[in-house]
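In: Model the structure of this input:
(4 chains)
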Number of protein chains: 2
Amino acid sequence: MNQKNVSSTVIRRLPRYYRYLTSLKDLGISSISSKELAKRMNITASQVKQDFAAFGWHGLQGYGYDVSFLHTEIGRILGLDTVRNMIIIGAGSLGHALARHAEFEKKGFKIIGIFDTRSELVGQKVNDLEIMHFDNIEEFLAHNKVDIAALTVPASHAKGVVEYITKLGIKAIWNFVPMKLQTDEDVTIENIHLIDSLLVLGYKIKENANIKDD
Amino acid sequence: MNQKNVSSTVIRRLPRYYRYLTSLKDLGISSISSKELAKRMNITASQVKQDFAAFGWHGLQGYGYDVSFLHTEIGRILGLDTVRNMIIIGAGSLGHALARHAEFEKKGFKIIGIFDTRSELVGQKVNDLEIMHFDNIEEFLAHNKVDIAALTVPASHAKGVVEYITKLGIKAIWNFVPMKLQTDEDVTIENIHLIDSLLVLGYKIKENANIKDD
DNA sequence: TAGATTGTTAATCGATTAACAATC
DNA sequence: TAGATTGTTAATCGATTAACAATC
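Out: Model (predicted):
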């Protein structure tokens, strides 16, 4: 039932809506007006109404929107009702941190493998997972359904790794390498550029600029 | 000389320009046209020209822009010519990962302290740094100039920590906690919401949607 | 000089906000 | 019924792209 062609700007706001709706539910609040939700989130009521309308979600005049309904719908849109299998490529400290971050598993992103080329790391345990050698990834992928590969390798290795794993059928990459990955059209990439974010923070400090985002 | 009031959209593109300019320099390329740079970055020449014009940077007709000049200027805008002192609050695996990430120090963000409330962690070493107890942060801040606090504590601790450290004079926070931090106007916050990014990736997979961003 | 490419203005596109009639 | 709040259209705002005269 959810409208196609919802803009990416709106999609990127969904996790934030979801967070607020979760806390409203926890507070036992069962309905909320666009005005009140907007106030809490520090956005405009118009935006709330437009965003929900984009998915065809309706409220009730004089009353507002149903919190549980929105919570469930956004959860569904974001795939929180589905378990995704994820592997981590690059078992450096960032890879370790991702593997240990319990939050991902809670949201349905299950980490089922972690790989590295450094033989001194292979066999070490991270949580319950043994680090595997990258050479074994082909076999692993043959036996396991993997939805997402998180990429935490050095920039110098990224190109080769990406070419290799996409050839093996990986269709979604969560990229922590500070560079633009080149892939086929049908591979989905989501970037986390830590250093870019830190540099922007550096800029903001200097300019004492009021850059407002999320 | 740099224009004030450059929009945050443009600012957020600067780290990416910087990366491309660095690689052009490394290739020994000394000048580049907006058309050629745009092609490499997969954006439009108009955008390149508009972006640079916003800072008052000029090229030469029939020739293009000076790579070294742009590289230096963007570096200066982003504060890469300045050393920033950063502390990490929360010595969990994410805090560890940040402390170990050599890239930050290379870009001038020097990590000078890491704090946690868990006494079993205090005294442990991360790189060259001993984890300090959060109770000692006031004294630490009294003796050290700290430009940025990276926040990698559990969500439940975030509010209290932020109130406390901003009271002690912290003016910039690199926030890894998946919630909106409330602070005074003069505190700069830059968010990394890992889970939001992962959820958007989850959405993209399901929709096979072509959400294009950076 | 001829060709390339800037610098800048105008056109387009998309996202956000405002406004208000419809209606619970 | 009266009041509140939606759903939607129109207005505004900002960002991106196109176009082209100026000029190196």
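
In: average pLDDT for the longest strand along chain A?
Out: Identified as the longest strand of chain A according to DSSP state E is strand A:109-116. Strand A:109-116 shows a mean pLDDT of 98.

In: residues of it that come out buried?
Out: Residues of strand A:109-116 classed as buried: A:109, A:111, A:113, A:114, A:115, A:116 (neighbour count, 16 or more other CB atoms under 10 Å in any protein chain shown). C-beta coordinates here come from the backbone N, C-alpha and C atoms, glycine included.

In: Next, see if stretch A:5-13 gets close to DNA strand D.
Out: No - contact of stretch A:5-13 with DNA strand D (CB under 7 Å from any atom of the strand) is absent, the minimum separation being 10.7 Å.

In: gap between the two ends of that stretch?
Out: This stretch, stretch A:5-13, spans 15 Å end to end (CA to CA, to the nearest Å).

In: can you check stretch A:88-102 too?
Out: From its first residue to its last, stretch A:88-102 covers 14 Å (CA to CA).

In: Buried residues in it, which are they?
Out: For stretch A:88-102, the buried set under the neighbour-count rule, 16+ other CB under 10 Å, comprises A:88-101.

In: how does chain A divide into domains?
Out: If you go by automatic domain parsing, the domain ranges for chain A are A:8-77, A:84-196.

In: Hmm, residue A:107 is touching residue B:198, no?
Out: Yes - using CB atoms under 8 Å, residue A:107 makes contact with residue B:198 at a distance of 7.2 Å.

In: More neighbours: the two, which one.
Out: residue B:198 (26 against 20; other CB atoms under 10 Å in any protein chain shown).

In: Apart from its chain neighbours, what residue comes closest to that one?
Out: Excluding the flanking residues, the one nearest residue B:198 by CB to CB, 6 or more residues apart in numbering or on different chains is residue A:109, at 5.9 Å.

In: who does that neighbour bridge with?
Out: residue A:84 (DSSP bridges).

In: So the residue of chain A found nearest DNA strand C: helix, strand or coil?
Out: Proximity to DNA strand C, evaluated over chain A using CB to the nearest atom of the strand, is greatest for residue A:62 at 2.9 Å. The assignment at residue A:62 comes out as coil when based on DSSP: H, G, I helix; E, B strand; the rest coil.

In: gap between it and residue A:33?
Out: 9 Å (CB to CB, to the nearest Å).

In: what's near enough to touch the residue nearest to residue A:170 when sequence neighbours are not counted?
Out: Leaving aside its chain neighbours, residue A:170 sits nearest to residue A:149 (4.9 Å; criterion: CB to CB, 6+ apart). Going by CB atoms under 8 Å, 6 or more residues apart in numbering or on different chains, residue A:149 touches A:86, A:87, A:88, A:89, A:165, A:170, A:172, A:173, A:174.

In: which one of those has the most neighbours?
Out: residue A:88 (29 neighbours).

In: May I have the phi/psi pair for that one?
Out: Per-residue torsions, residue A:88: phi -120, psi 130 (degrees, to the nearest 10).

In: Then residue A:86?
Out: Dihedral angles of residue A:86 (phi, psi; degrees, to the nearest 10) stand at phi -130, psi 140.

In: do the helix or strand hosting residue A:52 and chain B meet?
Out: Under DSSP states H and E, the secondary-structure element containing residue A:52 is helix A:45-54. No - Helix A:45-54 lies out of reach of chain B by CB under 8 Å from any CB of the partner chain, never closer than 13.5 Å.

In: What is the helix or strand following that helix packed up against?
Out: Per DSSP H and E, helix A:45-54 leads on to strand A:65-66 as the next helix or strand towards the C-terminus. Secondary-structure packing of strand A:65-66 (3 or more CB pairs under 8 Å, 6 or more residues apart in numbering or on different chains; DSSP states H and E): strand A:31-32.

In: The same query, at a cut-off of 10 Å, please.
Out: Using 3 or more CB pairs under 10 Å, 6 or more residues apart in numbering or on different chains; DSSP states H and E as the contact criterion, the elements in contact with strand A:65-66 are strand A:31-32, helix A:34-41, helix A:45-54.

In: so how far is the first one off the chain centroid?
Out: By that I understand strand A:31-32. Counting by CA atoms, centre = their mean, to the nearest Å, strand A:31-32 is centred 27 Å from the centre of its parent chain.

In: Show me what that strand is packed up against.
Out: helix A:14-26, helix A:34-41, strand A:65-66, helix A:67-77.

In: what about chain A, any weak spots by pLDDT?
Out: Within chain A, the set of residues satisfying pLDDT under 70 comprises A:1-4, A:208-214.

In: try it again with 80
Out: Regions of chain A meeting the criterion pLDDT under 80 cover residues A:1-4, A:207-214.

In: for DNA strand C, what are the nearby residues on chain A?
Out: Contact residues (CB under 7 Å from any atom of the strand) of chain A with DNA strand C: A:7-10, A:43-44, A:46-47, A:49-50, A:60-63.

In: hmm, try it at 10 Å
Out: Residues of chain A lying close to DNA strand C (CB under 10 Å from any atom of the strand) are A:5-13, A:34-35, A:38, A:42-51, A:53-54, A:58-63, A:212.

In: Now the buried members of these.
Out: Buried by 16+ other CB under 10 Å: A:6, A:11, A:12, A:13, A:34, A:38, A:43, A:48, A:49, A:51, A:59, out of these.

In: Among those residues, which one lies nearest to residue B:204?
Out: Taking CB to CB as the measure, residue B:204 sits nearest to residue A:11 out of those, at 8.3 Å.
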